[in-house]
Every structure is written in C-alpha cells, then in structure tokens.
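Colleague: predicted model, plus sequence, below.
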Amino acid sequence: MKKAWWKESVVYQIYPRSFMDSNGDGVGDLKGIIQKLDYLKNLGIDIIWISPIYKSPNDDNGYDISDYRDIMDDFGTMDDFHQLLKEAHDRGLKIMMDLVVNHSSDEHYWFKESRKSKDNPYRDYYIWKKGKDSLIDELYQKEYIYEEKQLSKGIELEPPTNWEACFSGSAWQYDEATKEYYLHLFSKKQPDLNWENEKLRKEVYDMMHFWLKKGVDGFRMDVITFISKDQSYGEGIIREGKKYGDGSRFYVSGPRVHEFLREMNEEVLSKYNLVTVGEAPGVGVEDAYNYVGEDREELNMLFQFEHVEIGGGEKGKWSNKPWKLSELKGILTKWQKGLENKGWNSLYWNNHDQPRAVSRFGNDKEFRIESAKMLGTCLHMMQGTPYIYQGEELGMTNVAFESIEDYKDIEIINYYNEEINNYGSDAKDILKSIYARGRDNARTPMQWDDSENAGFTKGNPWININENYKEINSKESLNNQDSIYYYYQKLIKLRKENKIIVYGSYDLILPEHEKIFAFTRTFENQKLVVVCNFSCEQVEFELPENINYKEKNLLIQNYNANKEKEKEKDKDNGNGENQDCIEKFELKPYEARVYILEI
Ligand code: NOJ
C-alpha cells in the first residue's frame, strides 16, 4: 500500500457559522477560527476542513455560492482568509476548502445571466428544460405550437421529470422569463450546474487554481458524485406514499462523472500535493474504487453514506427505524475490506449534516462520556483518515427545540412544511424525527465555556445554543484530565506513534455479536485488538482462539485504567477480570479497549 501524508492525518471539520464569533454579530467568522487555532493544534489534528466560506445568500448556509472567489460578509474578508491560512500553516495545520460545484446560488452572476434569455452566453451553464404535458401529442412538441399552447394556457406545464429534490418538492423550478424549468437537486435557490458544458468546467478548474495558488491544501467536494446527469432525463420510480419520483439513478455516478473527475485531476489536482475527499451519497463500495482507486487518478477518498443511513425507511432518514449493531459492523467492514490495498476510506460518525455521534450511536445521558470515548476509539482504530466534527471532541449532543420556528435548516423546514401540507402528518411526529435526524442537531454553536451563549458570541446567536453548555464545554474539558478532549488527543497521538493504526489491515471478529464491535488490525509483526461495547450493559468478550501472540500491551482504554486497576485489586486481590487478561474479560457499559500484540 502506498504511504501518503493524508492517510496519516486527522481532519477536523469546522462549520464556520457555529464555531466562534469574534465580532458579536451572532455568526461565527474567520477571525473566530484564528482565535481557536491553538485549541485545534493542541488537540493534535493535522487538517482543518472548513465548510463553505464563499459569498452566499445563505439559503443553505453557504452551500449556495454566489461568488466562488470572494468571502461571505458574515465571515470576514479575503485578508482575514489570508491571515487564517498563514496562521494555520505557521502551526503546521493544513486547510481543506469545501468545493461546491454541483450547483451554485441562483444569485450567482452566471445564473442571473442564464435565466435572462435562451440565447444568453451563460444559458448552458445550467440545466434548462421545457415542461412536459402528457396530454399533448407529438405535433404540439413542435416549438411554435408549444410556445403558443403555453401562452394560451398562461400557466406552467408539468416539470420535465417527476424527480424529487433532496430538500423536498419537485427538483425543477419553472422560470417565467423564458418559460422553461431549471434543475435544482437541492433548494430552488441552488440551480445545478451543467457539467456537459466545457466552458463551465473550465471556469470551475480556474476557480480551483485561484484557491490553490493562495496555498490551500485540498478540497472536500460537495455531492461530487451528482455532477454528471444521464442525458435521457427519464422518470424516477415513485415509492409508496410518495408524490415525487426518485431520480437518483439519473444523476448518482452518472455516465461522465469519471471522465470529468479525471479531467479535473489532470487540469488541477495533479499539479499540487493535495488532500481530496468527495462526498458520495448513493455510492456503493464497488463503485467507490472507480473514484478512489490508487491507479484511477481521481480522488483520494470518499464520504460514503451507508453507515449513517442505517435505520432509513419509506421516508428516508426521517423514518429513523431501529437498527442492529451487526448491520452497522457489516457496512463498515464491507468498506474496510472493499478498499483494502486499492483505495482509502474516510472515517466519520457525524458532520454538519448528521446528528451528533454520541446521541446517535452512543448514549448521551448516563454514559455520555464513556460512549463518546468508545465511539472515538472505534473510529480512529479503523483503517482510513478520521474526521472529527466540531464539538465531537467535547461529546456535544443533539438538541430538541420546542417549536419549528427555532429551526434554521432549509432541509428541516421544507420537510416539515411538505409533511404538513402534502401528507397531512402530525406536527409532533414530524418534530420527533427532526430531533433524531435533523441537521440542526450538529449546527448549534460550539460550547466554549459556561458563560452566556457558551462563549460563542457576545451577541445574539443565529441559532439557539444547546442548553447543556454549562456542563458540556471546552473550558471544562481542558480542565479535566479525564475529558473526552484529552482522550481524543491521546487517540491522535497514538496514530502518530503507531504505523499499525494507519496502515494495518482490518479484520472483523465476532461478526454476529449485537453488543460488541471488535476487530483486529495487522501490520508486520504486530496486531491490534480493538474491542468496543456498544451497549449500556456489561458484556463478556472472548478472544477468538486463532489469535495468538507473544506479548501484549493495553494501548488505550476509555475507563480510567489506573483507577480501575486499583478497584479491581481491592475487589478480588487481582484474581478477577482486569486489564491484563485479554483472552476473556467483562466490558463495562460502552467500554472500549485496544491491545497491541507482538505476534
Ligand atoms: C451536502 C452538504 O454537506 C449539505 O450541507 C448541503 O446542503 C448539500 N450538499 C447541498 O450542497
């Protein structure tokens, strides 16, 4: 396997709106990030991925860009950005930008031009189609009669396809000026860019060079697997109880996506020493190789979605059904083995689109600290580059705002309205799924201390702070040697000291066990045994007989090892279960242990 700096790194994701506000306007900003660089350096991370900071009307908090070459006013200026880049680099931290080029904002100059007329030079930067009217016969398809019919009707026709947008409703928006529809796979203020157009692709590559020449170290590419659309624009399947069709087979890993990425690689990426990660909803492990295969010359890694989509149902993630640990292990193992020696995994439990890891996969009440550490152990010990989402290192939790008015996320708001208006659902039920799966769970501000507004802002925060900030905050964590923060610091340090954590090959043990997630990592003459209890019960672990070793050492454990050792000694004079016995031991609720074996 090829060695690479980005394989050995740990990434920390910043959602700038909610990270640190330096000027009291209630919104996080670049100067706020600069203030906290030492905090990040101290944690030990290598790369900072910053969610979009470009000019944007903020329909989707910056994922709707109106100028790719400028900084959002809320966040500061280009000078602030240069200072951030310099101060990060001075500390040996790299900066990964978010590249959002499946779509732009409808307030981007290109789109403003594009919608003006059918012969505007920017028309083809976006995807425009006529509406369809299933009642008209072929004759009416002819341009002049089509126009005539539309004019005489004075109303819009049906959208060109039945596709549903990712943020609810139709994926097409009718535009009065030219009487055509444009495609928006997300909100109607996020028109999809037309990658079939070579000129558009060239603009994107030039813009990437613009940032790379400033010295940025890589890109996280937003829904990059959607950029090539199947030009047949066929109808999506309408699932039971749904109004719109699922058009994903026409745009997930579309026919030209690899051609486009190779072109991007040749024109841009290959000219620098970068880290790249593509967001890849809907992509399975078989196809992932085509994106990240070491010989493919496309991307370094993907964010796969299968493990965070676990528990999905008729209403996608909002169904939030129960799931089994064996399923979760199955998914992650499939990715570990599927890319072994061929590509590279990114490892994450949460980000700005997902609920908080400890609330989703752990226990955010009685065992918040233990389960947060356990999840960190499990993730950081797998093969791949780990991503920490801001606040994960503090064990920040989900929120449950009483009223829909307190929610800010367009996905949540659209879903709520769609459910009320089109499906007549009960508001309480809708809120319940929002509590479990809504994106605002991750977007409440960072909890820096126990002062007003958690030390995030001196003004009014743009979104409510989680009420638990007095107990959960970074000041508390930094003052407590047993905190999740210091545990993460240790995990990161271990990665730097032990090549096996980066490069060791992964094997699942006890695949059927519904409480324990255990696996080994093997590298040269060493083996790691990683054992994680995903339940709030005490469970017994037994090492499979085929794992032999000469020597063993406990590398890390999420219950305080020394204290526990003493307790064990008091209890049974050292004869009972303790950290020294690896063949068979009891795991406490959410306990995690990692042993390193000489084999
Ligand atoms: C994925 C991003 O992570 C999400 O926040 C955004 O809403 C969509 N892509 C659209 O850009």
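Modeller: Noted; the coordinates are in hand. Numbers count the residues shown, from 1 in each chain.
Colleague: tell me the pLDDT of the one residue in the stretch 51-200 of the chain that gets nearest to the ligand.
Modeller: The minimum distance from the stretch 51-200 of the chain to the ligand, using C-beta to the nearest ligand atom, falls at residue 63 (3.4 Å). C-betas here are computed from N, CA, C, even on glycine. For residue 63, the model assigns a pLDDT of 98.
Colleague: the closest residue in space to it that isn't next to it in sequence: neighbouring residues, count only.
Modeller: In space, residue 63 comes closest to residue 100 once its chain neighbours are excluded; the distance is 5.5 Å by C-beta to C-beta, 6 or more residues apart in numbering. Using other C-beta atoms under 10 Å, residue 100 has 28 neighbouring residues.
Colleague: quick check: the residue of the stretch 51-200 of the chain closest to the ligand touching residue 186?
Modeller: Yes. If you go by C-beta atoms under 8 Å, residue 63 and residue 186 touch, sitting 7.4 Å apart.
Colleague: leaving out chain neighbours, which residue sits closest to whichever residue of the stretch 451-599 of the chain sits closest to the ligand?
Modeller: At 14.5 Å from the ligand, residue 463 is the closest residue in the stretch 451-599 of the chain, using C-beta to the nearest ligand atom. Distances taken as C-beta to C-beta, 6+ apart put residue 408 closest to residue 463, at 4.9 Å, once the chain neighbours are dropped.
Colleague: touching, that neighbour and residue 440? I think so.
Modeller: Yes. Counting by C-beta under 8 Å, residue 408 does reach residue 440; the two are 6.1 Å apart.
Colleague: hey, which helix or strand in the chain has the poorest pLDDT?
Modeller: Within the chain, no helix or strand scores below helix 138-141, which has a mean of 47 by mean pLDDT, DSSP states H and E.
Colleague: could you verify my assumption that residue 527 touches residue 549?
Modeller: Yes. Contact criterion C-beta under 8 Å: residue 527 and residue 549 qualify, at 6.7 Å.
Colleague: neighbour count winner among these two?
Modeller: Remark: of residue 527 and residue 549, residue 527 carries more neighbours, 21 against 16, as counted by other C-beta under 10 Å.
Colleague: the ligand contacts on the stretch 151-300 of the chain?
Modeller: Residues of the stretch 151-300 of the chain found near the ligand (C-beta under 6 Å from any ligand atom) are 186, 222-223, 279.
Colleague: out of these, who's nearest residue 502?
Modeller: Ranked by distance to residue 502 (C-beta to C-beta), those are led by residue 279 at 22.9 Å.
Colleague: pLDDT wise, what is that closest one at?
Modeller: In the predicted model, residue 279 carries a pLDDT score of 98.
Colleague: near the nearest residue to it once chain neighbours are set aside, how many other residues are there?
Modeller: In this structure, residue 279 finds its nearest non-sequential neighbour in residue 303, 4.8 Å apart by C-beta to C-beta, 6+ apart. By other C-beta under 10 Å, the residues close to residue 303 number 23.
Colleague: any idea how far residue 303 lies from residue 345?
Modeller: Separation of residue 303 from residue 345 (C-beta to C-beta, to the nearest Å): 10 Å.
Colleague: please enumerate the shared neighbours of the two.
Modeller: Shared contacts of residue 303 and residue 345, defined by C-beta atoms under 8 Å, 6 or more residues apart in numbering, are not found at any residue.
Colleague: quick one on the thing from earlier: what's the overlap in contacts for residue 527 and residue 549?
Modeller: Joint contacts of residue 527 and residue 549 (C-beta under 8 Å, 6+ apart) are 597, 599.
Colleague: show me what from the stretch 1-150 of the chain comes close to the ligand.
Modeller: 60, 63, 100.
Colleague: hmm, try it at 5 Å
Modeller: 60, 63 (C-beta under 5 Å from any ligand atom).
Colleague: low-confidence stretches in the stretch 1-150 of the chain?
Modeller: Along the stretch 1-150 of the chain, the model assigns pLDDT under 70 to residues 133-150.
Colleague: and the strands in it?
Modeller: Remark: strands assigned in the stretch 1-150 of the chain by DSSP state E, counting those that start in this stretch are 11-14, 47-50, 54-55, 67-71, 94-99, 128-129.
Colleague: hey, which of these is tucked in deepest?
Modeller: When you average the neighbours per residue for each of the strands of the stretch 1-150 of the chain (mean count of other C-beta atoms under 10 Å), strand 11-14 leads with a mean of 24.
Colleague: helices or strands next to that one in the packing?
Modeller: strand 47-50, strand 385-389 (3 or more C-beta pairs under 8 Å, 6 or more residues apart in numbering; DSSP states H and E).
Colleague: may I have the first one exported as PDB, CA atoms only?
Modeller: Listed in PDB are the C-alpha atoms of strand 47-50, where the atom choice follows Å, rounded to 0.1, in the frame of the first residue of the first chain:
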ATOM      1  CA  ILE A  47      -6.000  19.300   8.600                       C
ATOM      2  CA  ILE A  48      -8.900  21.700   9.000                       C
ATOM      3  CA  TRP A  49     -11.800  21.200   6.600                       C
ATOM      4  CA  ILE A  50     -13.900  24.400   6.600                       C
END
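Colleague: against the ligand, how distant is residue 299?
Modeller: Using C-beta to the nearest ligand atom, to the nearest Å, residue 299 is found at 16 Å from the ligand.
Colleague: wait, doesn't that residue sit right on residue 290?
Modeller: No. Residue 299 lies out of contact with residue 290 (C-beta under 8 Å); the separation is 10.0 Å.
Colleague: those two: who's more crowded?
Modeller: Neighbour count, other C-beta under 10 Å: between residue 299 and residue 290, residue 299 has more, with 26 against 15.
Colleague: where are the low-confidence patches of the protein?
Modeller: Applying pLDDT under 70 to the chain flags the ranges 133-156, 561-579.
Colleague: and with 80 instead?
Modeller: Residue ranges of the chain with pLDDT under 80: 133-157, 560-580.
Colleague: just want the most central residue of it.
Modeller: residue 351 (4.3 Å; C-alpha atoms, centre = their mean).
Colleague: what's the closest non-adjacent residue to it?
Modeller: The shortest distance from residue 351 to any non-neighbouring residue, by C-beta to C-beta, 6+ apart, is to residue 389 (5.0 Å).
Colleague: OK, now which residue of the stretch 351-500 of the chain is nearest to the ligand?
Modeller: Closest point on the stretch 351-500 of the chain to the ligand, by C-beta to the nearest ligand atom, is residue 353, at 4.7 Å.
Colleague: burial check on the residue nearest to that residue when sequence neighbours are not counted, number of neighbours?
Modeller: Spatial nearest neighbour of residue 353, chain neighbours left out: residue 439 (5.2 Å); criterion: C-beta to C-beta, 6+ apart. The number of residues packed near residue 439 is 21, by other C-beta under 10 Å.
Colleague: quick one: residues contacting residue 439.
Modeller: For residue 439, the contact set (C-beta under 8 Å, 6+ apart) comprises 352-354, 409, 411-412.
Colleague: just give me the closest of the residues you listed to residue 328.
Modeller: Comparing these against residue 328 with C-beta to C-beta picks out residue 354 as the nearest, at 14.1 Å.
Colleague: list the buried residues in the lengthiest helix in the chain.
Modeller: In the chain, taking DSSP state H as the definition, the longest helix is helix 198-214. By neighbour count on 16 or more other C-beta atoms under 10 Å, the buried set for helix 198-214 is 200-201, 203-205, 207-208, 211-212.
Colleague: tell me how far residue 537 lies from residue 368.
Modeller: Residue 537 is 17 Å from residue 368, by C-beta to C-beta.
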